[in-house]
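> curious how this folds, go ahead:
(one chain, ligands or ions: 1)
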Amino acid sequence: MESILKEKIREAVKVLYKGDAANELIQIQETRKDFKGDFTLVVFPLLRFSKNTPEKTGETIGNYLTATFPAIKGYNVIKGFLNLEISDAWWIENFSKMISESNLFGKSLVSNPETILIEYSSPNTNKPLHLGHIRNNLIGFSLYRILSACGHRVIKTNIVNDRGIHICKSMLAWQKYGNVETPESTGMKGDHLVGKYYVMFEKEYKLQADELMKKGLDEDEARNSAPLMKEAREMLIKWEAGDKEVLDLWMKMNSWVYAGFDETYRALGVDFDEIYYESETYQHGKDIILDALKKGVLYKKDDSSIWIDLTADNLDNKLLLRSDGTAVYITQDIGTAVLRQAKYGFNKCIYVVGNEQNYHFQVLKAVLKRIGYKWSDGLIHFSYGMVELPEGRMKSREGTIVDADDLINEMKITAREVSLELGKLADFNEDEKEEVFRKIGLGALKYFILKVDPRKNMTFNPAESIDFNGNTGPFIQYTFARIKSVLRKADQTNIKYDNNILSDTTLGAKEILLIKLLRNFKINVSEAAEGYSPAIVANYCYELAREYNQFYHDFSILGEENPSIRNLRLALSEVTGRVLGSGMWLLGIEMPERM
Ligand code: ARG
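This next block holds a predicted model:
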């Protein structure tokens with residue numbers, strides 16, 4: 001509409017004032033809710049042609065449009081704003097197109113599809129996933145779906161931090177205190193079992209350090225000389241030297257962890273196209289660094305450690321390889337980025353990583369740039385905020401860290417309690433019920449997290465997230481199920497509907513509002529893609545669900561006697577259901593047909 005309107009207004013300026021209005025002078029926006037009308041023309045920029053008051057100019061253009069353009073049925077002018085009212089027939093025609101559209105996102109939304117690599121999750125293998133990872137995974141996976149829906153080629157990747165001193169800590173503790181426990185022998189999930197030994201290491205290590213401090217060592221000395229820490233360091237050296245025994249243990253324990261992670265990813269409904277392992281990329285990073293040193297981009301200190309001077313980029317001097325030649329955190333990132341670029345030739349690589357690593361990613365980009373990789377301009381740190389539970393809730397086995405598996409389980413349990421209370425699923429068998437509870441519990445979790453601007457810190461409130469009447473996933477799911485139930489009933493009672501909405505059907509304000517919202521779906525999806533913000537899609541879905549519910553309360557659908565109005569209302573319900581389904585799909589949220 002906006003583009004046809006613009007054309008018409010340009011024509012009006014030509015005919016009425018003999019002027020040639022450039023595109024940017026014709027500003028059209030949706031009319032604000034408190035005014036009558038659908039689209040509003042900002043008149044001020046056109047005064048240069050009319051040489052008249054804003055009111056008079058608005059009147060004249062409004063008059064012209066109403067007389068010559070059948071889609072405009074009336075207008076009003078308020079100050080310098082011309083509010084145009086669109087005819088029902090135009091809305092109906094527009095809506096009819098939507099009904100028959102099979103792809104609601106419009107695969108061709110972007111004119112310049114890019115190859116985008118998106119990295120998310122990226123855990124360490126010494127601990128199970130926690131609430132922060134949940135937010136990370138949900139954002140990453142949803143961005144993947146949104147960007148793909150807009151026509152980009154998107155590759156989902158993960159980098160597992162599977163080597164280093166922290167991994168040796170859990171290995172060492174298991175070796176010392178583990179009594180050859182395995183996931184099978186204990187019935188424990190592998191990542192939890194390994195996490196247990198990491199915690200055990202930290203505990204024993206602290207006891208040793210405290211003991212040494214009592215003997216008069218200062219904290220640093222005590223921490224460095226504690227026997228457990230020495231052993232862990234020795235283990236790391238053996239690992240880097242390829243010691244068979246250490247590598248076997250490492251592979252065994254990591255395989256437990258991966259089985260555990262897989263289970264959590266599956267429960268969360270996220271996956272990856274390619275998983276990178278730090279153990280396989282850090283060496284490449286080292287090679288690149290040594291090469292760059294030769295070229296004089298880096299410098300070596302007396303102790304043989306290798307550095308880069310980034311002060312010209314307003315960053316610090318940064319260590320890239322330790323004096324003993326071992327890798328640091330950024331070493332692997334350098335190698336991984338280069339490998340990814342070589343394999344995929346990405347235009348952009350989006351790292352979904354918490355905002356505590358802002359500096360790290362500034363440095364990474366600057367280092368790659370300095371070494372000469374022009375594509376490093378395409379590295380984007382998607383920096384998201386912290387997520388916590390409300391004060392005093394859910395202490396996990398590791399203290400304040402909220403375990404991902406525990407939380408997912410708890411959500412299902414809460415969904416069961418809430419749904420059974422509402423007593424809706426009487427005729428479901430147990431499996432069907434469990435499936436609905438799973439969808440609701442996860443829908444609540446995912447929606448509550450994704451509706452928030454990813455950059456902001458947030459509190460995840462489980463009870464609030466599952467409120468069927470709030471701005472929640474279950475509210476939207478419930479609206480969807482309600483639509484499905486209307487459509488099923490229509491089917492059962494043999495009420496047919498089709499996409500042939502008669503153009504003389506009269507529309508109510510609520511119906512027009514729904515049509516307007518529905519046609520905004522695509523714009524919201526592309527804005528979400530451009531701003532990397534699933535929250536835009538989430539809040540759009542909520543608004544649509546809310547409007548539909550209003551409409552559902554105010555009008556009867558199946559009980560409507562006029563067949564063409566009934567047809568319109570059924571079609572509106574069907575398209576709303578489809579858009580809600582697609583919108584929530586973009587967020588990775590499943591929708592129950594009944595609940
Ligand atoms: N495993 C790291 C951590 O837990 C996060 C990795 C983020 N990604 C990256 N490419 N550095 O802190």
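> what's the neighbour count on Tyr552?
18 (other CB atoms under 10 Å). Using the backbone N, CA and C atoms, a C-beta is placed for each residue, glycine as well.
> let me fix that, I meant to ask about Glu356.
11.
> contact partners for the closest residue to Thr336 other than its chain neighbours?
Leaving aside its sequence neighbours, Thr336 sits nearest to Thr281 (CB to CB, 6 or more residues apart in numbering; 4.4 Å). Applying CB atoms under 8 Å, 6 or more residues apart in numbering, we find Thr281 in contact with 159, 332, 335-336, 339.
> ranking by neighbours, what's the top pick from the residues you listed?
So for those (other CB under 10 Å), the most neighbours sit at Gln332, 26 neighbours.
> out of the contacts of Thr281, which are inside helices?
Among these, the members falling in helices (DSSP state H) are 332, 335-336, 339.
> returning to that earlier point: three-state assignment of the residue nearest to Thr336?
The three-state assignment at Thr281 reads helix, by DSSP: H, G, I helix; E, B strand; the rest coil.
> that older thread, from the contacts of Thr281, which are also near the ligand?
Residues of the contacts of Thr281 in contact with the ligand (CB under 6 Å from any ligand atom): Ile159.
> would you turn the contacts of Thr281 into TSV with pLDDT and distance to Glu24?
Listed next are those as TSV, based on pLDDT from 0 to 100; distance: CB to CB, whole Å:
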residue	pLDDT	distance to Glu24
Ile159	98	44
Gln332	95	48
Gly335	98	47
Thr336	98	44
Leu339	98	45
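> and which of the contacts of Thr281 is nearest to Asn124?
Using CB to CB, Ile159 comes nearest to Asn124 of the contacts of Thr281, at 10.3 Å.
> any idea what that closest one is bridged to?
Counting by DSSP bridges, Ile159 is bridged to Tyr276.
> on that earlier part again, pLDDT score assigned to the residue nearest to Thr336?
Thr281 is assigned 96 on the pLDDT scale.
> ok, Met98 next?
pLDDT, Met98: 85.
> what is the neighbour count of it?
Using other CB under 10 Å as the criterion, Met98 is surrounded by 19 other residues.
> hang on, Val77 in a strand?
Yes. According to three-state DSSP, Val77 belongs to a strand.
> and for it, the neighbour number?
Per other CB under 10 Å, the neighbour tally for Val77 reads 19.
> check contacts around it.
43, 54-55, 58-59, 62, 83.
> mind checking which of these are buried?
Buried subset of the contacts of Val77 (neighbour count, 16 or more other CB atoms under 10 Å): 43, 54, 58-59, 62, 83.
> now for those residues: which two are most distant?
Farthest pair in the buried ones among the contacts of Val77 (CB to CB) is Pro54 and Asn83. Separation: 12.9 Å.
> quick revisit: so can I have CSV of the ones in helices among the contacts of Thr281 showing distance to Leu172?
As requested, the ones in helices among the contacts of Thr281 are exported to CSV (distance: CB to CB, whole Å):
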residue, distance to Leu172
Gln332, 22
Gly335, 26
Thr336, 27
Leu339, 30
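> before we move on, the earlier item: of the contacts of Thr281, closest to Gly470?
The closest of these to Gly470 turns out to be Ile159 (CB to CB; 36.3 Å).
> in strands, which of the buried ones among the contacts of Val77 appear?
Among the buried ones among the contacts of Val77, the ones falling in strands (DSSP state E) are Asn83.
> alongside the ligand, which residues does this structure contribute?
Proximity of the chain to the ligand (CB under 6 Å from any ligand atom) is limited to residues 119, 122-124, 159, 161, 333, 351, 353.
> next, the buried residues of whatever helix or strand Glu421 lives in.
According to DSSP states H and E, Glu421 maps onto helix 404-422. Within helix 404-422, the residues scored as buried using 16+ other CB under 10 Å are 404-408, 410-412, 414-416, 418-419.
> for those, which two are the farthest from each other?
Distance extremes for the buried residues of helix 404-422: the farthest pair is Ala404 and Ser419 at 22.6 Å, using CB to CB.
> for this protein, identify the residue most remote from the centre.
Distance to the chain centre peaks in the chain at Lys215, reaching 51.5 Å (criterion: CA atoms, centre = their mean).
> thinking again about what came up before, pLDDT check: weakest of the buried residues of helix 404-422?
Least confident by pLDDT among the buried residues of helix 404-422: that is Ser419, with 87.
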